[in-house]
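Chemist: Got a predicted structure plus its sequence, pasted below:
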2 protein chains.
Amino acid sequence: MEGLHILAEFKRCQGAPALLKEAGALEKLCLQACRDAGLTVVGWLFHPFGTVAAPAGTTGAVILAESHLAIHTWPEQAAVTLDIYVCNFSRDNRQAAEAAYARLLQAFQPEQASRRDIRRGSLESDAFANTTLR
Amino acid sequence: MEGLHILAEFKRCQGAPALLKEAGALEKLCLQACRDAGLTVVGWLFHPFGTVAAPAGTTGAVILAESHLAIHTWPEQAAVTLDIYVCNFSRDNRQAAEAAYARLLQAFQPEQASRRDIRRGSLESDAFANTTLR
């Protein structure tokens, strides 16, 4: 369960508008980004909000053998929130996560991006406030 | 896109072993936890790893109108990693996220749990290191 979780926000995206508005375009990009990065896709689900005439964004999840990718688009703000979590169970997947992240960053072309990396799966990590329950 | 993202790790879970080993049991719990918390489920996908004889955990994603829940179980370690992300677009969903989290915590009964709350969607937030790309 030890791994890397990238949380990112993209704002004022200048990439293809379809990526923000069309679930199919977003799904294609995300699956390709994962596969090209060497991650193992085992399932996915992309749900469009709004209507074709008035798209209100998409939420997508890609289930990976290495953990998951989750993405939300906000066309009215040209914004995206992105999670890429890879565990390092059988090998170190950090480079694969970086490659998928870079691909999505390149596709969305945000004017502003922020990113935070969280090391997961270690209760001893200083990234987490520990709580011993019993 | 502004919202709350709870990242949690549960270790040495003492709850029903089926929750760690059976995708169906985990799916039922997660959907119920979201619905009982007042969150709007619009889709879900739970993928089992391993075999029935030797289950190797489940990865699940629940797509919410409010954002998403993602969960990974690690039966060999009796451990779970959990993400609950709710945005506050039309209303403040933090209490709903808390309710769903509490339900899962109660079901898994971890001996040790850690949790980190991330405020998302605000590039000005001190929770993120900002990068201006152009």
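Modeler: Sure, I can see it.

Chemist: Could you pull out the helices in chain A for me?
Modeler: A:17-21, A:23-36, A:94-108 (DSSP state H).

Chemist: Among the ones you listed, which comes closest to chain B?
Modeler: helix A:94-108 (8.2 Å; Cβ to the nearest Cβ). Every residue, glycine included, has its C-beta placed from N, CA and C.

Chemist: Which elements pack onto that closest one?
Modeler: strand A:3-13, helix A:23-36, strand A:79-87 (3 or more Cβ pairs under 8 Å, 6 or more residues apart in numbering or on different chains; DSSP states H and E).

Chemist: sorry, back to before: CSV for the helices of chain A, including mean neighbour count and mean pLDDT?
Modeler: Shown next, in CSV, are the helices of chain A (neighbours: other Cβ atoms under 10 Å in any protein chain shown; pLDDT from 0 to 100):
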stretch, mean neighbour count, mean pLDDT
helix A:17-21, 18, 97
helix A:23-36, 18, 98
helix A:94-108, 19, 97
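
Chemist: of all the ones you listed, which lies closest to residue A:79?
Modeler: Ranking the helices of chain A by their distance to residue A:79 (criterion: Cβ to Cβ) puts helix A:17-21 first, at 8.2 Å.

Chemist: Of all the helices and strands packed on helix A:94-108, which one is nearest residue A:100?
Modeler: Nearest of the helices and strands packed on helix A:94-108 (Cβ to Cβ): helix A:23-36, 4.6 Å.

Chemist: quick one: the closest one to strand A:79-87, angle?
Modeler: Here helix A:23-36 runs at an angle of 30 degrees relative to strand A:79-87 (axes from the mean of the first three to the mean of the last three Cα atoms, to 10 degrees).

Chemist: Name the surrounding residues that touch helix A:23-36.
Modeler: By Cβ atoms under 8 Å, 6 or more residues apart in numbering or on different chains, the list of residues contacting helix A:23-36 from outside reads A:16, A:18-20, A:41, A:44, A:46-48, A:58, A:60, A:62, A:64, A:69, A:71, A:73, A:99-100, A:103-104, A:107.

Chemist: Also stretch A:40-52?
Modeler: Residues outside stretch A:40-52 that contact it (Cβ under 8 Å, 6+ apart): A:22-24, A:26-27, A:30-31, A:34-35, A:55-66, B:42-45, B:47, B:59, B:61, B:63, B:65.

Chemist: Go ahead and confirm residue A:38 touches residue A:99.
Modeler: Yes - judged on Cβ atoms under 8 Å, residue A:38 makes contact with residue A:99 at a distance of 7.3 Å.

Chemist: remind me which residues of chain A are low pLDDT?
Modeler: Low-confidence segments of chain A, defined by pLDDT under 70: A:123-134.

Chemist: ends of stretch A:75-94, how far apart?
Modeler: Its start and end residues considered, stretch A:75-94 measures 29 Å (Cα to Cα, to the nearest Å).

Chemist: in it, what counts as buried?
Modeler: A:75, A:78-89, A:93 (16 or more other Cβ atoms under 10 Å in any protein chain shown).

Chemist: List just the nearest of those residues to residue A:9.
Modeler: Looking across the buried residues of stretch A:75-94 and measuring by Cβ to Cβ, the closest to residue A:9 is residue A:81, at 5.4 Å.

Chemist: Just give the nearest non-adjacent residue to the closest one, would you?
Modeler: residue A:72 (4.8 Å; Cβ to Cβ, 6 or more residues apart in numbering or on different chains).

Chemist: list the contacts for residue A:99?
Modeler: Neighbours of residue A:99 in contact, by Cβ under 8 Å, 6+ apart: A:33, A:36, A:37, A:38.

Chemist: can you do 7 Å?
Modeler: Counting by Cβ atoms under 7 Å, 6 or more residues apart in numbering or on different chains, residue A:99 makes contact with residue A:37.

Chemist: Check the one 5 residues further on too.
Modeler: Remark: with contacts taken as Cβ under 7 Å, 6+ apart, residue A:104 is in contact with A:33, A:82.

Chemist: try 8 Å this time
Modeler: Here residue A:104 is in contact with A:29, A:30, A:33, A:71, A:80, A:82 (criterion: Cβ under 8 Å, 6+ apart).
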